[in-house]
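Visitor: Below are the sequence and a predicted model for it; my questions follow.
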Amino acid sequence: MASATAELAQEYWKLLRSFEKLCHQVPLEARDRVLAQARYANSRLDSILSRSGMRVVTFDGAPFETNLPAVAINADDFAGEQSVVVERTIEPAIVSDMVVVLTGKVLLAGVNSAES
């Protein structure tokens, strides 16, 4: 059951990120209301997962390390580089009591490109 809940949470998180991007195309007079709905939906996701002992973990801006519970989709582009950071979380990890239920996916950037 935890695995199915984690999968659903990961998909819901991705849907919310897409919704947030689309919010910026909404006319200004309605944008605040629509963004508030997205924030509320995100808080509900966190609350529901919390009752199951789970949480969503994102990695934007974090140094990429081997113990990060995420797979880098562009890791080959940075083979041998020492300083690499997560540019963007593609799929969050879902964690329950410090145990990874579902591994995330991230996009990496070199430290210099992440600063610009």
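Guide: In hand now; what should we look at?
Visitor: Ramachandran coordinates for the residue lying farthest from the centre of the chain?
Guide: No residue in the chain sits farther from the centre than Glu29, which is 28.3 Å out by Cα atoms, centre = their mean. Main-chain torsions, Glu29, degrees, to the nearest 10: phi -70, psi -20.
Visitor: What does the pLDDT read for it?
Guide: Per-residue pLDDT puts Glu29 at 90.
Visitor: my read: Gly53 touches Met98, true?
Guide: No - counting by Cβ atoms under 8 Å, Gly53 sits too far from Met98 to count as a contact (10.2 Å). For every residue, glycine as well, the C-beta is placed using N, CA and C.
Visitor: what ranges do the strands span in this structure?
Guide: 54-57, 70-72, 84-91, 93-96, 99-102, 104-110 (DSSP state E).
Visitor: Okay, Thr66 and Tyr12: tell me how far apart.
Guide: Distance, Thr66 to Tyr12, by Cβ to Cβ, to the nearest Å: 28 Å.
Visitor: Nearest approach to Ala38 belongs to which of the strands of the chain?
Guide: Minimum separation from Ala38 across the strands of the chain (Cβ to Cβ) falls at strand 54-57, 14.4 Å.
Visitor: Relative to that closest one, what are the paired strands and their orientations?
Guide: strand 93-96 (antiparallel) (DSSP bridges).
Visitor: what does the partner strand rub up against?
Guide: Applying Cβ atoms under 8 Å, 6 or more residues apart in numbering, the external contacts of strand 93-96 come out as 2, 6, 9-10, 49, 52-57, 59, 69-70, 100-104.
Visitor: any low-confidence regions in this protein?
Guide: When residues are selected by pLDDT under 70, those of the chain lie in 1, 113-116.
Visitor: repeat that with 50
Guide: 116 (pLDDT under 50).
Visitor: quick one, helices of it?
Guide: Secondary structure of the chain, counting by DSSP state H: helices at 2-23, 28-51, 111-115.
Visitor: If anything else comes up later, I'll come back, but that's it for now.
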